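*Asks:* Next comes the sequence, and after it the predicted model I'd like to discuss.
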Amino acid sequence: MSTTQTLSAVPARIDDRYADLADRRLAAALSTEDAAEESGLDPLERTTCYTHRRWLHHCVSSPLHVIIVTGHRWCRRCSCAVNVAIDQLTGDVALTCPKCHQMPPGAANRQLVRCCRASIAAAHDDPPAVRTLPEAA
């Protein structure tokens, strides 16, 4: 089950754990992904974080998101945690090792970038309508 499929389904109700969240879209996404995870969604494919109760791109820089065993936010070459830079305006996500200054290779870090980009997209409303600027008089 992919995250995209998970987020498109609106849960029957928002889980009590997220009832106090002001961002109802986030509360719905957290509830939906929690339910999907119980049905087999890979927890590393989430766009939300149940630990921080936030969109993944808002908390991915937390030390709790470094998983040495799988290589998520980890540079195996340098044996250190990787820095994360998120540009919410452009949707750009960059992982950089503080020692070798490169994006560490590996599926885990590519997955993290993909999930953060999906998180950015899911957190925003539908794209605004394109408007033309008024002509100068």
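*Replies:* Here it is on my side, so go on. Residues are numbered from 1 along each chain as shown.
*Asks:* how near is residue 95 to residue 24?
*Replies:* Residue 95 sits at a distance of 30 Å from residue 24 (criterion: C-beta to C-beta, to the nearest Å). C-betas here are computed from N, CA, C, even on glycine.
*Asks:* Could you do residue 107 as well?
*Replies:* Looking at residue 107 against residue 24, where the rule is C-beta to C-beta, the gap reads 33 Å.
*Asks:* other SSEs contacting the longest helix along the chain?
*Replies:* Taking DSSP state H as the criterion, the chain has its longest helix at helix 107-123. In this structure, helix 107-123 packs against helix 3-8, helix 24-38, strand 54-55, helix 56-59, strand 83-87, strand 92-96, with contacts taken as 3 or more C-beta pairs under 8 Å, 6 or more residues apart in numbering; DSSP states H and E.
*Asks:* Throw those into CSV and include mean neighbour count, distance to residue 70 and mean pLDDT, thanks.
*Replies:* Below are the helices and strands packed on helix 107-123 laid out as CSV (neighbours: other C-beta atoms under 10 Å; distance: least, C-beta to C-beta, whole Å; pLDDT from 0 to 100):
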stretch, mean neighbour count, distance to residue 70, mean pLDDT
helix 3-8, 17, 17, 44
helix 24-38, 19, 16, 94
strand 54-55, 22, 21, 97
helix 56-59, 22, 15, 97
strand 83-87, 15, 16, 97
strand 92-96, 17, 14, 97
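*Asks:* so can I have CSV of those showing distance to residue 116?
*Replies:* Formatted as CSV, those follow (distance: least, C-beta to C-beta, whole Å):
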stretch, distance to residue 116
helix 3-8, 11
helix 24-38, 14
strand 54-55, 9
helix 56-59, 5
strand 83-87, 6
strand 92-96, 4
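*Asks:* looking at these, which is closest to residue 72?
*Replies:* Closest to residue 72 of these is strand 92-96 (C-beta to C-beta; 9.6 Å).
*Asks:* Partner strands of that closest one, with direction?
*Replies:* For strand 92-96, the pairing partners within the sheet under DSSP bridges are strand 83-87 (antiparallel).
*Asks:* Flag the shaky bits of this protein, pLDDT-wise.
*Replies:* Judged by pLDDT under 70, the chain has its weakly predicted residues at 1-12, 125-137.
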